[in-house]
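Trainee: Below is the sequence, then the predicted model.
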Protein chains: 2
Amino acid sequence: MNNPIEALNKIFDSRIRLGVMSILIVNDSVSFNELKQLLELTDGNLASHLNTLEQAEYLKVQKAFIGKKTNTTYIITDLGKLSFKAHLDALEKMIKGI
Amino acid sequence: MNNPIEALNKIFDSRIRLGVMSILIVNDSVSFNELKQLLELTDGNLASHLNTLEQAEYLKVQKAFIGKKTNTTYIITDLGKLSFKAHLDALEKMIKGI
DNA sequence: TAAAAGCACTTTGTTTTTCAAAGTTAGTTA
DNA sequence: TAACTAACTTTGAAAAACAAAGTGCTTTTA
């Protein structure tokens, strides 16, 4: 048997980032405020986790205008999708003992 | 929709503790050394994660003798099994967006 | 039109967690 | 008896998480 945890992605150790990804993988685009309310986080905390995911290029930020009002939304990238799925696969394999 | 991450267990944020639990859930009893080799950890690091799991009463320690030699093995508790399964369920629900 | 409020952050600083390395105790093999 | 293994504990450093406060901009409200 080889090390079952090495295929797990360190970035997804955090349940907040796991939560963000699981929201973004089923929603095309989610705003900062929606995430904040869904996950019940402070601005700073959410912003820093989003930043970690953005640095990893797992999501991208889209700044748009709704009328004159700015609106920031977050979108998962292809790399984000792949990495998240790979992590879930690794988790499943580990649990099933494959 | 309610907060998808609140049902996740903080203790299982750590992939090391996740790894330990996934080993213990399929093996009746695993020794310190086996865990150390499987997970490729230093003694101190493994011991501290095992301690966290023991504090939570997710596993118990069994000190036995093999001949005159002591042998320490770790066994998952019923609470450990329940908590681990509950965490996996919560994860699954979160991912599936239930 | 001045004040209050919302958005999306950044900054600051504390607390918590993680981890490696070294030390410890006790038995074991060469 | 010296080196070795097992199973830790202790120490200390580094990283991560987090809340709170501050910022700049816009919009709504009194």
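Mentor: That came in fine, so what should we check first?
Trainee: For whichever helix or strand A:L35 is part of, list every residue counted as buried.
Mentor: Taking DSSP states H and E as the criterion, A:L35 maps to helix A:32-39. For helix A:32-39, a neighbour-count test (16 or more other CB atoms under 10 Å in any protein chain shown) marks A:32, A:35-36, A:38-39 as buried. Any C-beta I mention is one placed from the backbone N, CA and C, and that applies to glycine too.
Trainee: Mind putting those into JSON lines with pLDDT and distance to A:M21?
Mentor: Shown next, in JSON lines, are the buried residues of helix A:32-39 (pLDDT from 0 to 100; distance: CB to CB, whole Å):
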{"residue": "A:F32", "pLDDT": "95", "distance to A:M21": "15"}
{"residue": "A:L35", "pLDDT": "96", "distance to A:M21": "11"}
{"residue": "A:K36", "pLDDT": "95", "distance to A:M21": "16"}
{"residue": "A:L38", "pLDDT": "94", "distance to A:M21": "13"}
{"residue": "A:L39", "pLDDT": "96", "distance to A:M21": "11"}
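Trainee: Can you narrow those down to the ones near chain B?
Mentor: Among the buried residues of helix A:32-39, proximity to chain B is found for A:38-39 (CB under 8 Å from any CB of the partner chain).
Trainee: Thanks a lot, catch you later.
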